[in-house]
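got a structure for you, letters missing:
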Ligand code: AMP
């Protein structure tokens, strides 16, 4: 088996990965690192949790260290750009770069929406070699002339499929227009849809395809189980699983932000300490919740799909799919939070009658049957022999929504339609994720200012 220096990595990087505790390169690293070092465009289909971040960051650090490394930092322009769909993933990728680049002189920075822009502007002014960004905030910074991308030699699209799901395609196109035509492009994605394939044709030149596992598959280290139940019994069933199994670190996925808040409240009421993380939470609250969960201070993190992509929670043992995603690829990402880096993990799905077509679509995507069982006391009352079709479910959901809207009365007209970009990051907003929760990125970009809802006047407490 190859080691890191056999892949052509320099001594500083081999030392950094050894200090990090990696003995051997993972399969994706063994294939991607030499290809990137050869300066080829690369399409990498890697399951999440396989070490793909090091697959592109290690060779990137090496290439950039060999380039302009002697110039003072302020005179070194951004030469590598990594775009990610969510703030959390961006922060995590930069963490990795800092760890792997510890013995080099390279400077990295991360920029995303939802936090103040000025510190990011100052950091960019001081000189940055590798920039990790979510697309919305990056465009804001470029518009404000705080960031130049005309000397970017390497572009990485991380979790490219998610960026498309979240409606970032136009922003990505705008960013690409700011880059030099000749550059190296790397595209990493766990799932490959038709849209992704057409984007790769548009962007990449004569790429090498690196595929360490079949597309759209789940890691073998994740044990998958599913329970039939009624929709209204899911909270009690989750509590039973967590308490009964003595689970101490559980990531639970809900479909909506409200659903996440509601479930978190119910868990707290039952004595299970939890936090919710989704696009309506401030960036500070999101970071605190995630950190508390990683540190073991919070037992259950209830998340919308914002947390499904890319996040690396060391040795996470349990994932609950509280609601079944209607985009089957989301299932792969959700359960990929567990069973990472060769560790065992378990993913439990709670399936109610209406979710049966989504569950079948997942089984089709991953080419696996997941046995549906019953947990005593939670057997579903509603489970007719014939499963509803996806269109029947959608029709019923639309009818429920219309009835709820009617009950609420007419909506107040929106001030303008200029909120699109602001909102895109929030759950339920983006593109094809229709009734699913999206993650967030460019978020409250200053470029779309002027339409923020005014906060009611609040007296300062003393
Ligand atoms: P990623 O898929 O990049 O999010 O990485 C998943 C996890 O695998 C992270 O916790 C990495 O620190 C870890 N990892 C990456 N490469 C290796 C390696 N070669 N050996 C052991 N662990 C690794």
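All right, it came through fine. Since the structure is predicted, the reported quantities are computational estimates derived from the model, not experimental observations.

domain ranges for the protein?
Domain assignment for the chain, taken from automatic domain parsing, gives 4-211, 236-396.

same list (the ones you listed) but as a markdown table, adding mean neighbour count and distance to the ligand.
Backbone N, C-alpha and C define where each C-beta goes, glycine included. Below are the domains of the chain laid out as a markdown table (neighbours: other CB atoms under 10 Å; distance: least, CB to the nearest ligand atom, whole Å):
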| stretch | mean neighbour count | distance to the ligand |
| --- | --- | --- |
| domain 4-211 | 20 | 3 |
| domain 236-396 | 19 | 4 |
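
pretty sure residue 226 is in a helix, no?
No: checked against DSSP: H, G, I helix; E, B strand; the rest coil, residue 226 lies outside a helix; its state is strand.

run through the neighbouring helices and strands of the longest helix belonging to the chain.
For the chain, the helix that runs over the most residues, judged by DSSP state H, is helix 390-408. Packing contacts for helix 390-408, counted by 3 or more CB pairs under 8 Å, 6 or more residues apart in numbering; DSSP states H and E, involve helix 356-366.

residues in contact with the helix it packs on?
Residues outside helix 356-366 that contact it (CB atoms under 8 Å, 6 or more residues apart in numbering) are 216-218, 226, 324-326, 328-329, 331-332, 349, 351, 369-370, 372, 387-390, 393.

average model confidence for that helix?
Averaged across helix 356-366, the pLDDT comes to 94.

tell me the angle of it relative to helix 390-408?
130 degrees (axes from the mean of the first three to the mean of the last three CA atoms, to 10 degrees).

low-confidence ranges in the stretch 151-300 of the chain?
Low-confidence segments of the stretch 151-300 of the chain (pLDDT under 70): 213-220.

sorry, back to before: make a markdown table from the domains of the chain and add distance to residue 403 to it.
Shown next, in a markdown table, are these (distance: least, CB to CB, whole Å):
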| stretch | distance to residue 403 |
| --- | --- |
| domain 4-211 | 28 |
| domain 236-396 | 11 |
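
closest to residue 410 out of the ones you listed?
Of all those, domain 236-396 sits nearest to residue 410, with 21.1 Å by CB to CB.

quote the end-to-end distance of the closest one.
End-to-end distance for domain 236-396, by CA to CA, to the nearest Å: 25 Å.

do the same with stretch 118-132
The straight-line separation of the ends of stretch 118-132 (CA to CA) is 16 Å.

which residues touch it?
60-61, 64, 72-76, 78-82, 84, 90-91, 93-94, 97, 101, 106-111, 137-138, 141, 144, 146-147.

cool, and stretch 290-302?
Against stretch 290-302 from outside (CB under 8 Å, 6+ apart): 88, 242, 247-254, 260, 263-264, 267, 272-277, 289, 307, 311, 313-314, 322.

taking those one by one, which sit in strands?
Among the contacts of stretch 290-302, DSSP state E puts 250, 251, 252, 253, 274, 275, 276, 277 in strands.

ok, what's across the strand from the fifth one?
Right, residue 274. Beta-bridge partners for residue 274, by DSSP bridges, are residue 300.

dihedrals phi and psi, residue 45?
phi -100, psi 100 (degrees, to the nearest 10).

tell me how far residue 234 lies from residue 2.
Spatial separation of residue 234 from residue 2 under the definition CB to CB, to the nearest Å is 46 Å.

out of those two, which sits in the more crowded spot?
Between residue 234 and residue 2, residue 234 has the larger neighbour count (other CB atoms under 10 Å), namely 23 against 12.

doesn't residue 352 make contact with that one?
Yes: applying CB atoms under 8 Å, one finds residue 234 in contact with residue 352, separated by 7.2 Å.

ok, residue 355 - contacts?
Residue 355 touches 323, 324, 393, counting by CB under 8 Å, 6+ apart.

again, 7 Å this time
Neighbour list for residue 355: residue 324 [criterion: CB atoms under 7 Å, 6 or more residues apart in numbering].

now the helices for the stretch 201-350 of the chain?
Here the stretch 201-350 of the chain has its helices, by DSSP state H, counting those that start in this stretch, at 234-244, 257-269, 283-294, 328-335.

any chance of the ones you listed in TSV, with distance to residue 16 too?
Output for the helices of the stretch 201-350 of the chain, formatted as TSV (distance: least, CB to CB, whole Å):
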stretch	distance to residue 16
helix 234-244	38
helix 257-269	37
helix 283-294	22
helix 328-335	28
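
which residue comes closest to residue 209 once chain neighbours are left out?
In space, and not counting its chain neighbours, residue 209 is closest to residue 43: 4.8 Å by CB to CB, 6 or more residues apart in numbering.

please apply the same query to residue 149.
residue 178 (4.4 Å).

how close does that neighbour sit to residue 90?
From residue 178 across to residue 90, the span is 18 Å (CB to CB).

cool, and residue 153?
Counting by CB to CB, the gap from residue 153 to residue 90 is 20 Å.

that'll do, ta.
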